[in-house]
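> need the 3D shape of this:
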Amino acid sequence: TMVAGAASFTDEADIQALDAVNMLTTLGVIQGYEDNSFQPDGVVTRAEMAKMIFVVRNNSADDEAYADITTNLTDINGHWAEGYIKFCESQGIIAGYGDNTFRPDATVTGVEAAKMLLVLAGYDADKAGLVGSNWSTNTLKYAGSAGILDDVNSGLESGLPRQYAAQMIYNTLSADRVKWSTDSGTFDDVLNGGIKETVGSAYMGLSYDVGTMTEMSKD
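Have a look, this model is predicted:
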């Protein structure tokens, strides 16, 4: 059951997205630093975002099986996140720049992170227009409707703070997976076999308990 953990950081009072940070720490998606701080306003790099998405998608941080797969990217060889980046590239979650670089240590923007998470949830980048001249506008449209941007109190065109990267991933875990429907020409959250499932349930085995309060006592 998806219940927030009790991550305790020395700068916990500075974390606005505390539920998200606690949850993703518990799931092993994001970590604090050796001094037991979280540094919520520190920005996330493109490599770090690739690793976090890898962990969600595979429910594991072990990237050894992907370290030697083929890549078109020219600047990730020997990088600590090489396997994570190659996996995400193979799934269409990330793409390089026009010169075939990925720039793994560059800051990831909120829009870039949202695009990656949309593809993780099943949005086809071409059909959703997440590539090309209007990619940013289309990304914000789909990410907004999917709830990925809920409670993300940060400028999305600038470097994404760690706590709001956590918030975006946290939101994605409860977002429905989708597929392209040729019948309707839109994305459908009813998958093959007539099932509906969230990203969290599909990839990390998360379930959601919903209850109805029937009685309250004064005590």
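
> can you show me the strands along the protein?
For the chain, the strands defined by DSSP state E cover 179-181, 186-188.

> so what's the gap between the first one and the chain middle?
In terms of Cα atoms, centre = their mean, to the nearest Å, the centre of strand 179-181 is set 20 Å apart from its chain centre.

> any idea of the mean pLDDT in stretch 27-44?
Averaged over stretch 27-44, pLDDT sits at 94.

> buried residues in it?
Neighbour counts over stretch 27-44 (16 or more other Cβ atoms under 10 Å) mark 27, 29-30, 32, 38-40, 43-44 as buried. Any C-beta I mention is one placed from the backbone N, CA and C, and that applies to glycine too.

> quick one: contacts of that stretch?
With contact meaning Cβ atoms under 8 Å, 6 or more residues apart in numbering, stretch 27-44 is reached by 7-12, 14-17, 21, 24-25, 52, 55-56, 61, 107-108, 113, 159-163, 165-166, 169, 204.

> quick one: contacts for residue 153?
For residue 153, the contacting residues are 16, 164, by Cβ under 8 Å, 6+ apart.

> for residue 153, see how far away residue 64 is.
37 Å (Cβ to Cβ, to the nearest Å).

> thinking again about what came up before, now the strands of the chain in a markdown table, with mean pLDDT and mean neighbour count?
Putting the strands of the chain into a markdown table (pLDDT from 0 to 100; neighbours: other Cβ atoms under 10 Å) gives the following:
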| stretch | mean pLDDT | mean neighbour count |
| --- | --- | --- |
| strand 179-181 | 93 | 14 |
| strand 186-188 | 94 | 16 |
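
> same list (the ones you listed) but as a markdown table, adding distance to residue 78.
Below are the strands of the chain laid out as a markdown table (distance: least, Cβ to Cβ, whole Å):
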| stretch | distance to residue 78 |
| --- | --- |
| strand 179-181 | 36 |
| strand 186-188 | 38 |
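
> out of these, the one nearest residue 92 is which?
strand 179-181 (12.9 Å; Cβ to Cβ).

> neighbouring strands for that closest one, and are they parallel or not?
Paired neighbours of strand 179-181 in the sheet (DSSP bridges): strand 186-188 (antiparallel).

> what does the strand it pairs with contact?
122-124, 127-128, 142, 178-181.

> and the residues you listed, which are buried?
122-123, 128, 142, 178.

> pull the most distant pair out of those residues.
Pairwise distances across the buried ones among the contacts of strand 186-188 (Cβ to Cβ) peak at 10.9 Å, for the pair 122 and 142.

> OK, contacts around the residue nearest to the spatial centre of the chain?
In the chain, the C-alpha nearest the mean C-alpha coordinate belongs to residue 169, at 3.8 Å (Cα atoms, centre = their mean). Shown in contact with residue 169 (Cβ under 8 Å, 6+ apart): 20, 24, 29-30, 52-53, 56, 117.

> got JSON lines for the buried ones among the contacts of strand 186-188, with distance to residue 191 and pLDDT too?
Listed next are the buried ones among the contacts of strand 186-188 as JSON lines, based on distance: Cβ to Cβ, whole Å; pLDDT from 0 to 100:
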{"residue": "122", "distance to residue 191": "8", "pLDDT": "97"}
{"residue": "123", "distance to residue 191": "13", "pLDDT": "97"}
{"residue": "128", "distance to residue 191": "17", "pLDDT": "96"}
{"residue": "142", "distance to residue 191": "17", "pLDDT": "97"}
{"residue": "178", "distance to residue 191": "8", "pLDDT": "96"}
